[in-house]
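Engineer: pasted the sequence and its predicted model underneath.
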Amino acid sequence: MQRCRSSRIKPFLNRGTLFVVSAPSGAGKTTLCRELLRRIPGLRLSVSYTTRAPREGEINDVHYTFVSEKKFRGMIEKGEFAEWAVVHGNLYGTSSKRLKKLIKDGYDIILDIDVHGARQLKSTWDNAVYIFVLPPSMQILRKRLTGRKTESAERIKERLDNARAEIAGYRDYDYIIINDKLEKAYDELESIVISSKIRTANINPKWIAGFVK
Ligand code: ADP
Ligand code: 5GP
């Protein structure tokens, strides 16, 4: 017997939901989202376009689609982004085509995007849940960024400076997770995702109508 993939079943019960996750760089958003993707079936990451250089171990079209600034600007001109922003001096954007394809295929989607991008999506996307991840303190944020060893001292300073402005935008989000103990933060994130899925507004009326036929 052929096994049903949850992604095939989902569209009949739920509408696809967008989970927008933002955080100051180094707060642990990537760590939390990777675990969520590993554990929650039917959830996919929206792979962004960026002009930033790949870090060691990053794979094109898996972690990001790495493109030149010329190519990125061309995509802006053609209106190909659902949102885009300049973050820490590089361009990052979410392809509308990719988002629509994931929704059509019945997936829930995680978008790991900055506060400016989240704000743009809010004005156009009605079915999104906004989650903000905070570190326990600025000192710990600095420690995590340094410990990750992916940025130079100058870049770390830039990211810490940006963090203050990003945190000031927390009111735009539905949920705040403080990532102190990783397990607790993860449980909170998973709870948000699971409970959002069963919100009445996300249930497909056609699926319910099947009961009373
Ligand atoms: P972001 O995606 O928000 O920039 P990362 O997920 O890359 O952040 O995390 C930054 C660093 O902090 C990584 O080295 C990661 O392993 C570490 N980290 C993440 N969450 C925690 C936590 N709760 N406790 C300690 N270290 C953490
Ligand atoms: P990093 O360079 O550390 O991978 O990401 C830097 C920042 O860019 C993070 O805050 C991340 O959320 C944000 N980012 C990644 N992809 C996108 C995107 O498509 N759009 C926007 N607006 N921000 C993004």
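Structural biologist: The structure has been received and is ready for your questions. Ligands and ions are numbered 1, 2, ... in the order given.
Engineer: and Glu83, which of the three is it?
Structural biologist: Here Glu83 is recorded as strand under DSSP: H, G, I helix; E, B strand; the rest coil.
Engineer: what is it paired to in the beta sheet?
Structural biologist: Applying DSSP bridges to Glu83 gives these bridge partners: Thr94.
Engineer: wait, isn't it in contact with Thr94?
Structural biologist: Yes. Glu83 lies in contact with Thr94 (Cβ atoms under 8 Å); the separation is 5.3 Å. C-betas here are computed from N, CA, C, even on glycine.
Engineer: ranges for the helices of the chain?
Structural biologist: With helices called from DSSP state H, the chain shows them at 6-13, 29-39, 69-77, 96-104, 115-122, 138-148, 153-167, 182-197, 205-212.
Engineer: hmm, the second one touching ligand 1?
Structural biologist: In this case it means helix 29-39. Yes. Judged by Cβ under 6 Å from any ligand atom, helix 29-39 and ligand 1 are in contact via 29-31.
Engineer: closest one of those residues to Leu121?
Structural biologist: Leu121 lies nearest to Lys29 out of the residues of helix 29-39 next to ligand 1, by Cβ to Cβ, at 16.0 Å.
Engineer: I'd like the distance between that closest one and Val20.
Structural biologist: 11 Å (Cβ to Cβ, to the nearest Å).
Engineer: who has more neighbours out of these two?
Structural biologist: Val20 (27 against 23; other Cβ atoms under 10 Å).
Engineer: quick revisit: can you list the residues of helix 29-39 next to ligand 1 in CSV and add pLDDT?
Structural biologist: As requested, the residues of helix 29-39 next to ligand 1 are arranged in CSV below (pLDDT from 0 to 100):
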residue, pLDDT
Lys29, 94
Thr30, 92
Thr31, 95
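Engineer: include distance to Phe132 when you put those into CSV, please.
Structural biologist: Output for the residues of helix 29-39 next to ligand 1, formatted as CSV (distance: Cβ to Cβ, whole Å):
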residue, distance to Phe132
Lys29, 9
Thr30, 15
Thr31, 15
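Engineer: Glu58 against Tyr64, yeah?
Structural biologist: Yes. The criterion here is Cβ under 8 Å, and Glu58 meets it with Tyr64 at 6.7 Å.
Engineer: contacting residues for the closest residue to Leu43 other than its chain neighbours?
Structural biologist: Leaving aside its chain neighbours, Leu43 sits nearest to Asp108 (4.8 Å; criterion: Cβ to Cβ, 6 or more residues apart in numbering). Applying Cβ atoms under 8 Å, 6 or more residues apart in numbering to Asp108 gives the contacts 10, 14, 16-19, 40, 42-44, 193, 197.
Engineer: ok, Asp180 next?
Structural biologist: 135-136, 140.
Engineer: now swap in Thr31 and tell me
Structural biologist: By Cβ under 8 Å, 6+ apart, the residues touching Thr31 are Leu182.
Engineer: done for today, thanks.
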